[in-house]
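Engineer: coordinates only, no sequence provided:
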């Protein structure tokens, strides 16, 4: 079966712009989580969506938002981009609501803010 | 909330030797502990996991042990090979909550 698909793979944006990233989970998975990965900070949790509802949220500013559609696809939006938002953004899907069985990660979207 | 610490941050071993990475967690309610391997430029991939009702789990050359009382768990890799070189992340999860990852360990297997 198809894995977790993230688009686009690469993005270059200018400070102050906004960006939308997309994640299509494995078919049948209802939970999608988003993580920011930077060399110095590891994997930082942004938020998790389960059945179109945000179930958990990390400690990121309100500029970071997301949503999930009825087909479980999820989008993440970052407004008013800052240089420090440059990172690899990973989404991960899981089968059960608990995340049991672990995440399956997508290949990520590498965002560069200039 | 949950906090996961991971040690060491870097680890170099000779090919064929064993490698051990240790993690501690803070939330006694955590009940699921996966380990991920991330090779350079690739996505993190689940390599082994353990649930709180199990003390040890093995899969060929890798094993994970869990000590619930001390709230720590460890990854053991035996007979290391060059392809084991990667960054390894541990994580802890409580039912209904998100995964909390450790900061990662960069393992280098030297030929």
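Structural biologist: Yep, that arrived. As the structure is a prediction and not an experimental result, all values here were calculated from the model.
Engineer: so residue B:75 sits against residue B:58, correct?
Structural biologist: No - contact criterion C-beta atoms under 8 Å: residue B:75 and residue B:58 do not qualify, at 11.3 Å. To be clear about C-beta, it is placed using only N, CA and C from the backbone, and glycine gets the same treatment.
Engineer: quick one, what contacts residue B:11?
Structural biologist: B:19, B:21, B:105, B:106, B:107, B:108 (C-beta atoms under 8 Å, 6 or more residues apart in numbering or on different chains).
Engineer: out of the residues you listed, which end up buried?
Structural biologist: With burial judged by 16 or more other C-beta atoms under 10 Å in any protein chain shown, the buried subset of the contacts of residue B:11 is B:19, B:21, B:105, B:107.
Engineer: what's the farthest-apart pair in the residues you listed?
Structural biologist: B:19 and B:105 (8.8 Å; C-beta to C-beta).
Engineer: chain B against chain A: which residues are in contact?
Structural biologist: Listed as neighbours of chain A in chain B under the rule C-beta under 8 Å from any C-beta of the partner chain: B:32, B:34, B:36, B:42-46, B:49, B:89, B:93, B:95-104.
Engineer: is the closest residue in space to residue B:8 that isn't next to it in sequence in a bridge, and if so with what?
Structural biologist: Residue nearest to residue B:8 in three dimensions, not counting chain neighbours: residue B:105, with 6.1 Å by C-beta to C-beta, 6 or more residues apart in numbering or on different chains. With DSSP bridges as the criterion, residue B:105 is bridged to residue B:88.
Engineer: shouldn't residue B:105 be in contact with residue B:86?
Structural biologist: No - counting by C-beta under 8 Å, residue B:105 stays clear of residue B:86, with 9.3 Å between them.
Engineer: any idea how far the closest residue to residue B:28 other than its chain neighbours is from chain A?
Structural biologist: Nearest residue to residue B:28 in three dimensions, chain neighbours excluded: residue B:71, at 6.6 Å (C-beta to C-beta, 6+ apart). Using C-beta to the nearest C-beta, to the nearest Å, residue B:71 is found at 19 Å from chain A.
Engineer: surely residue B:71 touches residue B:22?
Structural biologist: No - contact between residue B:71 and residue B:22 fails when scored by C-beta under 8 Å: they sit 11.5 Å apart.
Engineer: which ones are touching the nearest residue to residue B:75 once chain neighbours are set aside?
Structural biologist: Of all residues not flanking residue B:75 in the chain, residue B:21 sits nearest, at 4.6 Å (C-beta to C-beta, 6+ apart). Residue B:21 makes contact with B:6, B:7, B:8, B:11, B:74, B:75, B:88, B:90, B:105, B:107, according to C-beta under 8 Å, 6+ apart.
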